[in-house]
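1. the sequence isn't on hand, but the structure is:
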């Protein structure tokens, strides 16, 4: 199984994903594992960053495809519906699940805009994460998150939830749908 957490910067994907992976005894693959290699080596604004990121992601996903089928992955991303690069990133996640013939459970983490704008400005985010509230406001105004049109989808408002509360709700959702889970397929490529 792959549990994929999607949400805007500052929503808590890494914090929630890390705890969820620990509880599920899953491998945690957060989006910065792949991005940080490219950012550190090429620089945040260098066009070579995206070339390197693609190479790192291709190698990482090839390795993940070979992991035991009993292994659970918890993955994170901040994927929007109208961005070609982000649509490709989701296609890669779906392909990973399809190639492993495992279920893919998308979870979209939402929060009130004022709350995530407050969160992105926290000092501990500085370095390789978005910290500019103006840039985040631009994202919020110009695009929408990807919401795969599948019955497994969980949309969770984490505005006032602690990480452990969000994790508990995701775990409850996984328990509720476990009996009906099917391997991922092209249906995961449709959005609502």
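-> The structure has been received and is ready for your questions. Everything numeric in this text was worked out from a predicted model, so none of it was measured.
2. could you pull out the helices for the protein?
-> 13-24, 31-42, 48-65, 84-100, 113-120, 133-142, 163-177 (DSSP state H).
3. as CSV, the ones you listed with mean neighbour count, distance to residue 185 and mean pLDDT would be great.
-> Where you see a C-beta, it was placed from the backbone N, CA and C, and this is true even at glycine. Listed next are these as CSV, based on neighbours: other CB atoms under 10 Å; distance: least, CB to CB, whole Å; pLDDT from 0 to 100:
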stretch, mean neighbour count, distance to residue 185, mean pLDDT
helix 13-24, 20, 22, 97
helix 31-42, 17, 23, 86
helix 48-65, 14, 16, 92
helix 84-100, 17, 6, 94
helix 113-120, 17, 32, 89
helix 133-142, 13, 29, 86
helix 163-177, 16, 16, 98
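4. can you tell which of these is closest to residue 183?
-> Residue 183 sits nearest to helix 84-100 of all those, at 7.2 Å, using CB to CB.
5. between the closest one and helix 48-65, how many degrees?
-> 10 degrees (axes from the mean of the first three to the mean of the last three CA atoms, to 10 degrees).
6. what's the angle between helix 84-100 and helix 31-42?
-> 120 degrees.
7. turn the helices of the chain into TSV, columns for distance to residue 187.
-> Listed next are the helices of the chain as TSV, based on distance: least, CB to CB, whole Å:
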stretch	distance to residue 187
helix 13-24	24
helix 31-42	23
helix 48-65	20
helix 84-100	9
helix 113-120	29
helix 133-142	27
helix 163-177	15
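8. between these, which one is closest to residue 7.
-> Of the helices of the chain, nearest to residue 7 by CB to CB is helix 13-24, at 5.3 Å.
9. what packs against the closest one?
-> If you count contacts as 3 or more CB pairs under 8 Å, 6 or more residues apart in numbering; DSSP states H and E, helix 13-24 packs onto strand 2-7, strand 27-29, strand 73-77, helix 163-177.
10. now do the buried residues in the third one.
-> Residues of strand 73-77 classed as buried: 73-77 (neighbour count, 16 or more other CB atoms under 10 Å).
11. relative to helix 84-100, how tilted is that strand?
-> 170 degrees.
12. within its sheet, name the partner strands of strand 73-77 and how each one runs.
-> Using DSSP bridges, strand 73-77 pairs in its sheet with strand 2-7 (parallel), strand 27-29 (parallel).
13. of those strands, which approaches residue 159 most closely?
-> Short answer: strand 2-7, nearest of these by CB to CB, at 11.5 Å.
14. mind checking how far residue 180 is from residue 105?
-> 11 Å (CB to CB, to the nearest Å).
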